[in-house]
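Chemist: could you work out the structure for the sequence below:
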Amino acid sequence: LFSRTEGHPLFVVHLLEHLIASEHLSSSDQGWALASAGPELEGLLPHSLPGILDKILGRYQDDERLVLEAAALIGQEFDANAVAQAIDFEVDRVEELCDAIASREEVVVTHGIADLPGGIMSAQYRFTHALLRDSIRRAMAPAKLVRQHRRLAEWGEALYGKKSDQIASRLAVHFAEARLHRRAVHYHRVAATNARRAFSNDAALEHLLEARALLQHKGSDTGAELIELDYDVARTLRASGDLVGAGEAYESIAEAAASPAEASEAWLFAAGARSWLGRDDCMRCVEQATALVGPDVDPSVAAHTLGSAAYWKLLWDGWEPGGRTACADALHHAEEAEHTDRTVGHRARLAFFLALEGAYDDAIIAATSAHDEAVALGDSSESLLARFYGGLALLLAGRLKDARVHASRARDEAVLNGHAPWGALFLVQLAWIAVESQSGEAWSLAEASLKEAEPLGHRFILGFASVVAGLAEVARDASGDARKHFERAEGEPYLMDWFCRMIALTGRHRLGEEGADQQLRELAEPMGASRFLAWCS
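Modeler: Presented below is the predicted three-dimensional model:
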């Protein structure tokens with residue numbers, strides 16, 4: 001109601017009466033409720049309200065009407081300079097007309113001064129009600145609307161020049177309405193990048209879907225661009241935590257790929273998204289990718305595929321000799337080919353191999369570089385992965401103060417991205433750091449991480465939270481509760497269950513359980529995991 005009327009009492013009354021009369025709003029024993037979803041109500045106007053709006057707007061004719069039409073295309077807030085460009089008037093004349101309209105405080109009001117590029121100062125105004133602006137736009141002739149949007153788009157692009165990305169959202173709308181679809185697609189993609197950097201994945205996804213719809217409307221010669229957009233959509237879904245949607249999007253790309261190399265790449269991305277959902281789905285995608293590696297495949301593609309496969313086998317099946325070598329080889333080929341996306345991913349994954357093998361300093365360097373590279377690319381999924389392995393390496397290296405700061409920042413980054421699974425993982429990491437630091441907040445953090453993990457339905461997150469909660473219980477001499485947490489984490493197989501078992505064995509060793517140190521040593525020695533080996537003693 002507020003978005004459509006901005007609280008204007010007369011408009012509220014008329015809108016409510018129409019919603020009731022059209023049965024979109026009804027009363028029951030439980031109270032008043034909407035019978036339709038939000039999108040179905042968008043643009044709904046009562047039959048009596050257009051008459052009221054027409055009566056108000058009918059008072060503005062000739063030049064005043066031209067000004068209001070151009071302003072309605074700009075936004076709820078607008079400046080005189082933009083209006084002047086849209087209708088080819090002098091700025092002073094537009095300000096004079098706007099001031100006259102604003103003096104009635106009926107349709108628009110003054111709204112300060114706008115600072116435009118090049119030191120330009122322009123009077124700014126605001127529509128009093130969104131309904132008035134909508135009504136003006138609906139009444140405009142289509143040809144006039146197209147012409148004025150084109151003028152606004154080209155003026156804004158010229159005014160901002162190399163800084164046009166700052167107003168990418170506005171330019172995307174203007175170019176789309178001006179039917180210059182190619183340029184609209186460009187600015188929608190720029191706006192999506194801006195949104196991702198501002199941790200607004202929902203807004204980024206909206207821009208990408210708009211761009212995709214425009215490309216599909218255009219038709220021919222857009223195949224490569226559509227694939228790029230599909231990748232952007234999939235990455236954004238993954239960054240926002242919609243892992244089912246991301247997996248489906250990547251698989252669609254793989255199935256439509258024009259070459260084995262392109263298909264293999266997409267299957268690996270699908271494996272990354274599916275890894276959160278279960279071993280079968282993830283390894284099915286990995287197998288699809290590796291099956292495409294034949295003797296004719298480019299060596300860099302083969303190295304990329306085999307290095308990725310080694311990483312997923314590590315996560316699901318545990319450490320194997322040669323895994324790090326395959327990952328390092330994939331990184332080497334990616335760097336040589338200057339394939340930035342692959343370089344970032346393999347560097348982050350290599351950090352985990354190095355941390356497991358006890359090369360903590362190298363792992364920290366690799367994870368830090370991967371994070372910075374991922375941020376520069378706007379890839380929050382890879383930046384969060386690098387954060388996780390960097391925090392793990394700092395913890396295992398015994399640099400607990402650094403690890404705490406690192407994990408806190410990583411959790412903030414995950415929360416800003418709206419990625420609940422990563423947010424929960426970093427909270428578990430903070431709890432583990434608190435245990436090893438002998439902090440008094442260890443149990444409260446462990447308890448909070450369990451509460452975040454349980455509703456997510458992800459076995460690794462819950463297993464990781466459970467073993468760390470067990471460690472926290474050991475630290476406060478609650479051995480019975482500690483064992484319950486360890487047993488909870490040692491049930492059915494899941495992603496990185498072997499890693500959680502190693503952590504649980506350190507807790508069982510601290511409880512003095514017979515054979516725990518030997519079992520931990522058997523798991524840790526083949527890797528060379530020095531911190532875990534130290535915990536055995």
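Chemist: C-alpha from now on. contacts and neighbour counts both.
Modeler: Fine.
Chemist: can you give me the distance of the closest residue to residue 396 other than its chain neighbours to residue 506?
Modeler: Spatially, and ignoring its direct neighbours in sequence, residue 396 is nearest to residue 531 (5.8 Å; C-alpha to C-alpha, 6 or more residues apart in numbering). Between residue 531 and residue 506 the distance, using C-alpha to C-alpha, to the nearest Å, works out to 10 Å.
Chemist: what about the two, which has more around it?
Modeler: Neighbour totals were compared for residue 531 and residue 506, and residue 506 leads with 22 against 18 (other C-alpha atoms under 10 Å).
Chemist: residues in contact with the host helix or strand of the more buried one?
Modeler: Assessed by DSSP states H and E, residue 506 sits inside helix 497-510. Outside helix 497-510, the residues within contact range by C-alpha atoms under 8 Å, 6 or more residues apart in numbering are 316-318, 460, 463-464, 467-468, 470-471, 474, 483, 486, 489-490, 515-517, 519-520, 523-524, 532, 535-536.
Chemist: ok, now stretch 325-342?
Modeler: 300, 303-308, 310-311, 343, 346-347, 349-350, 377.
Chemist: of those residues, which belong to helices?
Modeler: 300, 303-308, 310-311, 343, 346-347, 349-350, 377 (DSSP state H).
Chemist: which of these lies closest to residue 210?
Modeler: Within the ones in helices among the contacts of stretch 325-342, proximity to residue 210 (C-alpha to C-alpha) peaks at residue 377, which comes in at 21.6 Å.
Chemist: pLDDT value on that closest one, please?
Modeler: If you check residue 377, the pLDDT there is 88.
Chemist: so where's the stretch 351-500 of the chain uncertain?
Modeler: Of all residues in the stretch 351-500 of the chain, none has pLDDT under 70.
Chemist: could you do the chain as well?
Modeler: Within the chain, the segments meeting pLDDT under 70 span 3-6, 10, 37-52, 218-222.
Chemist: and for residue 353, nearest residue in space, chain neighbours not counted?
Modeler: Once chain neighbours are set aside, the closest to residue 353 by C-alpha to C-alpha, 6+ apart is residue 324, at 5.7 Å.
Chemist: host element of that neighbour?
Modeler: If you go by DSSP H and E, residue 324 is part of helix 323-336.
Chemist: that helix: which residues count as buried?
Modeler: Within helix 323-336, the residues that qualify as buried are 323-324, 326-335, counting by 16 or more other C-alpha atoms under 10 Å.
Chemist: picking up where we left off before, the very next helix or strand once past the helix holding residue 506 vs helix 497-510, what angle?
Modeler: Following the chain from helix 497-510 toward its C-terminal end, the next helix or strand by DSSP H and E is helix 516-524. With axes from the mean of the first three to the mean of the last three C-alpha atoms, to 10 degrees as the basis, helix 516-524 and helix 497-510 are set at 150 degrees to each other.
Chemist: ok, back up a step: restrict the contacts of helix 497-510 to the buried ones and give me that as a PyMOL selection.
Modeler: Isolation of the buried members of these (16+ other C-alpha under 10 Å) is achieved in PyMOL through the command below:
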select buried, resi 316+317+318+460+463+464+467+468+470+471+474+483+486+489+490+516+517+519+520+523+524+532+535+536
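Chemist: now, the contacts of helix 497-510 that are in helices?
Modeler: Among these, the members falling in helices (DSSP H) are 316-317, 460, 463-464, 467-468, 470-471, 474, 483, 486, 489, 516-517, 519-520, 523-524, 532, 535-536.
Chemist: for residue 295, grab phi and psi.
Modeler: Note on residue 295: backbone dihedrals following degrees, to the nearest 10 are phi -60, psi -20.
Chemist: that one: how many residues sit nearby?
Modeler: In terms of burial, residue 295 registers 8 neighbours under the definition other C-alpha under 10 Å.
Chemist: how close does it get to residue 301?
Modeler: Taken as C-alpha to C-alpha, the span from residue 295 to residue 301 is 11 Å.
Chemist: list the buried ones in the strand or helix carrying residue 19?
Modeler: Residue 19 is located in helix 9-21, with elements delineated by DSSP H and E. Applying a neighbour-count criterion of 16+ other C-alpha under 10 Å, one finds 11-12, 14-15, 18-19 buried in helix 9-21.
Chemist: same question, stretch 360-380
Modeler: Neighbour-count burial for stretch 360-380, with 16+ other C-alpha under 10 Å as criterion, is recorded at 360-361, 363-364, 366-375, 377-380.
Chemist: tabulate the CA atom coordinates of that stretch in PDB.
Modeler: The C-alpha trace of stretch 360-380 is given here as PDB (Å, rounded to 0.1, in the frame of the first residue of the first chain):
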ATOM      1  CA  TYR A 360      51.200 -23.900   6.600                       C
ATOM      2  CA  ASP A 361      53.100 -20.800   5.500                       C
ATOM      3  CA  ASP A 362      52.700 -21.800   1.800                       C
ATOM      4  CA  ALA A 363      49.000 -22.500   2.400                       C
ATOM      5  CA  ILE A 364      48.400 -19.100   3.900                       C
ATOM      6  CA  ILE A 365      50.200 -17.400   1.100                       C
ATOM      7  CA  ALA A 366      48.200 -19.300  -1.500                       C
ATOM      8  CA  ALA A 367      44.900 -18.700   0.200                       C
ATOM      9  CA  THR A 368      45.600 -15.000   0.600                       C
ATOM     10  CA  SER A 369      46.500 -14.600  -3.100                       C
ATOM     11  CA  ALA A 370      43.500 -16.600  -4.200                       C
ATOM     12  CA  HIS A 371      41.200 -14.500  -2.000                       C
ATOM     13  CA  ASP A 372      42.500 -11.200  -3.400                       C
ATOM     14  CA  GLU A 373      42.300 -12.400  -7.000                       C
ATOM     15  CA  ALA A 374      38.700 -13.600  -6.500                       C
ATOM     16  CA  VAL A 375      37.700 -10.300  -5.000                       C
ATOM     17  CA  ALA A 376      39.200  -8.500  -8.000                       C
ATOM     18  CA  LEU A 377      37.100 -10.800 -10.200                       C
ATOM     19  CA  GLY A 378      34.000 -10.300  -8.200                       C
ATOM     20  CA  ASP A 379      33.700 -14.000  -7.500                       C
ATOM     21  CA  SER A 380      32.500 -14.300  -4.000                       C
END
